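Visitor: have a look at this fold, sequence not included:
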C-alpha cells in the first residue's frame, strides 16, 4: 500500500475546516507605510475596509513589520533600534505610534477596535528573538533560561537587523516561541505573518511557530514569507504547518513583477486547497509609497488594465488577496475594482483552476486560464494578453469547456463590466488591451 505523504491527516482536516478555508482577503500596511504605520492609520484603513470592502469579502487588517520600533522611518530598517520589549524580551507596540498600547496593554485595545468593526486583526513578526533581548539577556517567560541561552547569532536574517535566530536544539527555543505567540493570542491576534522563514527554508522555525500557535489555544492563520525561489518540494511540510506561504519576493507596481507571477501561479495552482494557499504577494494598488520601504508617495503605477490583470490572475490562481494601498486616499475607481463581488465568488467556489494556454503571438503571449464552479455548471475563463498593443484573440470553447459541451450554446458574462451576457457558439472572440485581460463567467445558455 502506498501512502501519500501530502494526504490530509485528521488533525490537518480539522484545522482546515477552521482556518483559511478560502484564501484570506484583507489590507496590509506594508506597501503604503513600510515600517512606520501608526494606530490612527490602521484604524482609518480598517474603517474604509469595513465600509467599502467588507461586503465583498475583505475582512482582515494586518499591521506589518517593526511595530515595536519607536524610531521607524521610510526607506529601510534601523540598525540598533531601541525596540520596545517587555521584561521577557517580547516585542510591544511602540506607544508613540500606538497610544492605546501604553501601560503594557499591547495590541489588545487595537484588536478590540478592529474586531468591533467586524474585521480580523493581524500582525507581522520576524523569525527568531530580538537582538536587544539577547544583549540584555532577558529571561524567557516561565523558564530558568535567558535569551542568550537560546540565541543563534550566526543564523540571523540577512536583510533585517532586529532579530537573530534561535537554537532549536535547546528546549528554550520552543519556550520562547510559546511565550511570544501566547502573548499575541492574548491580545486577540487572528492572523500572523512571519518573515524570514522561506528563503532559505527554516523548517524548524516553521514547526516551532505552528506548535506555539496550537499551544496558545487561539485559532490564528499563519502566513510565511518571503517566497523567493520557493519550491513545491516543501509542499507537504507547508500544508502541515501553515495556511499561507509566499511564492515570490516582494511585488511592486511594475508590469514585470505582475508578468512574472503568471508562471509562478501556473506552477502552484494545481496544489491550492482549503487551508493551504500559495500566496502571490500583496496587491500594490491605490495610494502606495506614503512612507514605504521603496519609492516615493504615489498612486499605483500599474495601468487600469494591468490592475485588472493582477486581480484576475490572483483570483484564478486562488492566491490570498492583501491590498497594500492607503485606502482613505485611494481613488474610487480602484476601490470599485476591489469591491467586485466576482473576486470573492471565484476565490470561494472555483475548482480545477489552471492555465490551459500559453503561446507566443507576435510581440506578446496569449495566456488562458480556466476554472470550474465546484457547486454548479459555471465555468470561468480569463484571457490574458502580454503584448504592448491591443489584440484580437480567439479561444475555441472546446479548450475551455470540453469538446461535447462546446457544441453549446453558452452565455458569457464579462466580470469586469456591467454589460449584458453574450451568446457564444464555437469560440470566445475578444479584443484584449495591452497587458490586459478579459474575464468571463460561462453558463449553459
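Guide: Received the coordinates, thanks. Since this is a predicted model, take the numbers as computed values, not measurements.

Visitor: residue 60 bridge partners, please.
Guide: Taking DSSP bridges as the rule, residue 60 bridges to residue 26, residue 120.

Visitor: against residue 120, how distant is it?
Guide: Taking CB to CB, to the nearest Å as the criterion, residue 60 is separated from residue 120 by 4 Å. (C-beta placed from N, C-alpha, C; glycine too.)

Visitor: what residues are shared contacts of these two?
Guide: Taking CB atoms under 8 Å, 6 or more residues apart in numbering as the contact rule, residue 60 and residue 120 both touch 26, 190-191.

Visitor: columns distance to residue 232, neighbour count and pLDDT on top of those residues, output as TSV?
Guide: Output for these, formatted as TSV (distance: CB to CB, whole Å; neighbours: other CB atoms under 10 Å; pLDDT from 0 to 100):
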residue	distance to residue 232	neighbour count	pLDDT
26	26	24	98
190	28	24	98
191	24	25	98
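
Visitor: so which of those residues would you say is closest to residue 136?
Guide: Distance ranking of the shared contacts of residue 60 and residue 120 against residue 136, using CB to CB, places residue 191 first at 29.4 Å.

Visitor: follow-up on the earlier one: need the shared contacts of residue 60 and residue 120 in TSV with distance to residue 138, can you?
Guide: Shown next, in TSV, are the shared contacts of residue 60 and residue 120 (distance: CB to CB, whole Å):
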residue	distance to residue 138
26	33
190	27
191	27
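
Visitor: now, among the residues you listed, which is nearest to residue 263?
Guide: The nearest member of the shared contacts of residue 60 and residue 120 to residue 263, counting by CB to CB, is residue 26 at 25.7 Å.

Visitor: that closest one touches residue 60, doesn't it?
Guide: Yes: with contact defined as CB atoms under 8 Å, residue 26 counts as touching residue 60 (2.9 Å).

Visitor: who touches both of those two?
Guide: Jointly contacting residue 26 and residue 60 under the rule CB under 8 Å, 6+ apart are 119-120, 122, 191, 322.

Visitor: now the residues you listed as CSV including distance to residue 216?
Guide: Shown next, in CSV, are the shared contacts of residue 26 and residue 60 (distance: CB to CB, whole Å):
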residue, distance to residue 216
119, 20
120, 16
122, 14
191, 13
322, 23
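
Visitor: quickly name whichever of these is closest to residue 104.
Guide: Comparing the shared contacts of residue 26 and residue 60 against residue 104 with CB to CB places residue 122 closest, at 21.0 Å.

Visitor: what are the ranges of the strands in the stretch 101-250 of the chain?
Guide: Along the stretch 101-250 of the chain, counting by DSSP state E, counting those that start in this stretch, strands occupy 120-126, 129-130, 151-152, 163-166, 191-195, 221-224, 244-246.

Visitor: what do you get for the stretch 251-400 of the chain?
Guide: Ranges of strands in the stretch 251-400 of the chain, per DSSP E, counting those that start in this stretch, are 277-279, 287-288, 298-299, 321-323, 350-361, 364-373, 379-385, 391-396.

Visitor: out of those strands, flag the one nearest residue 136.
Guide: Between residue 136 and these, the shortest gap by CB to CB is with strand 321-323, which sits at 34.0 Å.

Visitor: pLDDT on the closest one, on average?
Guide: Per-region confidence: strand 321-323 scores 98 on mean pLDDT.

Visitor: same question, stretch 400-416
Guide: Predicted confidence along stretch 400-416 averages 87 (mean pLDDT).

Visitor: going forward, count from 7.
Guide: All right, first residue 7 from here; so that's stretch 406-422.

Visitor: which residues touch residue 54?
Guide: Residues counted as contacts of residue 54 (CB under 8 Å, 6+ apart) are 333-334, 336, 341.

Visitor: okay, buried residues for stretch 422-441 please.
Guide: Across stretch 422-441, burial judged by 16 or more other CB atoms under 10 Å covers 422, 430, 434, 436, 438-441.

Visitor: that older thread, now, among the shared contacts of residue 66 and residue 126, which is nearest to residue 251?
Guide: The nearest member of the shared contacts of residue 66 and residue 126 to residue 251, counting by CB to CB, is residue 197 at 14.0 Å.
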